[in-house]
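Q: Need a 3D model of the sequence below.
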Amino acid sequence: MNLLKLILAFALLTLIVIGGVGYWFYSSLTKPRAHARSDDYVTIERGSAPSQVVAKLVAEGILADSPATMLYLRTLGSADKIQAGNYQFPTPISTLDVLKELEKGSIQTTRITIPEGFTRFDIAKRIAEIFPGTPARSEKEILLLMSDTALVKDIAPEARNLEGYLYPSTYDFPPDATPEQVVTRMVEQFKKIWKPEWAERARELGRTPHEIITIASLIETESPVDDERPIVSSVIYNRIARSIPLGIDQTVVYVAKMQDRWDGTIHKSDIEADSPYNTRKYGGIPPGPISSVSAGAIEAALNPAQTNYIFYVLDVGKNDGSHHFYASAAEFERGKAVYQRWLAEQRILKRQAEQANR
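A: Model (predicted):
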C-alpha cells in the first residue's frame, strides 16, 4: 500500500512538473512583449544561425531572454525557414508572432505619420519630403493632386478639395510609393472610418456631411482633449444659433496658409484678411474644412453637448490644451485677462531664453 501511495505521489508530482513546464513554455511563446524598436528596422543577415537571430532580437529588446524560444525552434518550430531581411516588429508582440514574421520574410516599407489637425498644406509638405516620386514632385504639385475630389463625391459632392478627407494616421508604404498612392490611401482610410449613420445624423442636424467635416475640423484644431470636444462643439453651434461670429483663430491661420504667407505668427493683417474662411470677419462656418479630422472630432461635431456656453479660454493652469468655458461675456473677460497675463509672461520668458542663447 505504501508503495502504491509512493507511486501515485510520484505520478502526481510528475504531472505537476509537466504542467508547470508546459505552462511556462506556452506563456513564454504567446505572451505579448512590449519593446521600443517598433519604428526601427532590424536587419537579419543572410546565413545567420537561428541562435544568432534569437540572440540579436534579445539584444534589441524584442524577444525575452528565454530558453523557450530555442527549445521551440529545435522541437516544434521551423528554424530552417527563418529568412534574412529588414524587419519592423510592432509592439507589443509575442515570440510566436516574431517567429512567424521571420518565416514569412520581410517587405521593407517607409512610414509616414499625419497628425490630427494637419492641413493639406502640411500634408503636401510631408509627402514631398518622404514620397516625392520620380521625378520629384513639389509641394505645389502635390497640392494640385488634392484638388481632385472624385474620391469623395459620394460623401461630399460640394467639396472643393480633399481638405478634411485625408485621414490622420500612420501609414506604411513601399519606399518607391508615389504621391498619388499616398493621397489615395489617406482618402480611402477616411472612407473606411466614415459611417453611413453619420450622414443620417448630419441630416437630423440640418447639415450636410461636408458641413459636419468642416465643423469637425474646427473642433480638431481648437482642442486636443477628447472629453471636452463635445463642449467645444456646443459653443460652435450656440454661436451660430445666436448669429455670433465663431472667431476661431485657426481659420485665420488657414487663410494665411492658403495665401502662402503664414510665418508662424498671427498678424493684424491676418485677422483682417478678406476670406470666407476667416471666422473673425464672417459669420457661420467656413466654406470647407480647415484641417484633417479624426473620428473623435466627427463624433463631437455630430453630437454637441447641451450647454449655454458661448465662450472659452485656454486653461493655462492645466497646460494640457483644455479650456475654461463661459456663458456670459463678463465671465469670459475675467478668464481672458488671466490668459493674457500668462501669455505676456510666456513672451517675456521666450525673449529671455533667446537672449541667453545668443
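
Q: shaky segments in the stretch 1-150 of the chain?
A: Low-confidence segments of the stretch 1-150 of the chain, defined by pLDDT under 70, span residues 1-25, 77, 106-107.

Q: in it, which spans are strands?
A: For the stretch 1-150 of the chain, strands defined by DSSP state E, counting those that start in this stretch occupy the ranges 42-44, 85-87, 110-113.

Q: As a markdown table, these with mean neighbour count and distance to Glu158 would be great.
A: C-betas here are computed from N, CA, C, even on glycine. As requested, those are exported to a markdown table (neighbours: other Cβ atoms under 10 Å; distance: least, Cβ to Cβ, whole Å):
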| stretch | mean neighbour count | distance to Glu158 |
| --- | --- | --- |
| strand 42-44 | 16 | 47 |
| strand 85-87 | 18 | 45 |
| strand 110-113 | 14 | 28 |
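
Q: and of those, who's closest to Thr119?
A: strand 110-113 (15.1 Å; Cβ to Cβ).

Q: Adjacent strands (with direction) for the closest one?
A: strand 170-173 (antiparallel) (DSSP bridges).

Q: Quick one: list the elements packing against the following helix or strand past the partner strand.
A: Note on strand 170-173: by DSSP states H and E, the next helix or strand toward the C-terminus is helix 179-193. When contacts are defined as 3 or more Cβ pairs under 8 Å, 6 or more residues apart in numbering; DSSP states H and E, helix 179-193 packs onto helix 120-130, helix 139-145, strand 170-173.

Q: Would you indicate which residues of helix 179-193 are buried?
A: Of all the residues in helix 179-193, those buried under the rule 16 or more other Cβ atoms under 10 Å are 179, 182-183, 185-187, 189-190.

Q: now these in JSON lines, with pLDDT and distance to Ala55?
A: Supplementary listing: the buried residues of helix 179-193 in JSON lines, determined by pLDDT from 0 to 100; distance: Cβ to Cβ, whole Å:
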{"residue": "Pro179", "pLDDT": "96", "distance to Ala55": "41"}
{"residue": "Val182", "pLDDT": "96", "distance to Ala55": "37"}
{"residue": "Val183", "pLDDT": "97", "distance to Ala55": "42"}
{"residue": "Arg185", "pLDDT": "96", "distance to Ala55": "37"}
{"residue": "Met186", "pLDDT": "97", "distance to Ala55": "40"}
{"residue": "Val187", "pLDDT": "97", "distance to Ala55": "44"}
{"residue": "Gln189", "pLDDT": "95", "distance to Ala55": "38"}
{"residue": "Phe190", "pLDDT": "97", "distance to Ala55": "43"}
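
Q: can you give me the strands in the stretch 251-358 of the chain?
A: The residue ranges that make up the strands of the stretch 251-358 of the chain, judged by DSSP E, counting those that start in this stretch, are 311-314, 323-326.
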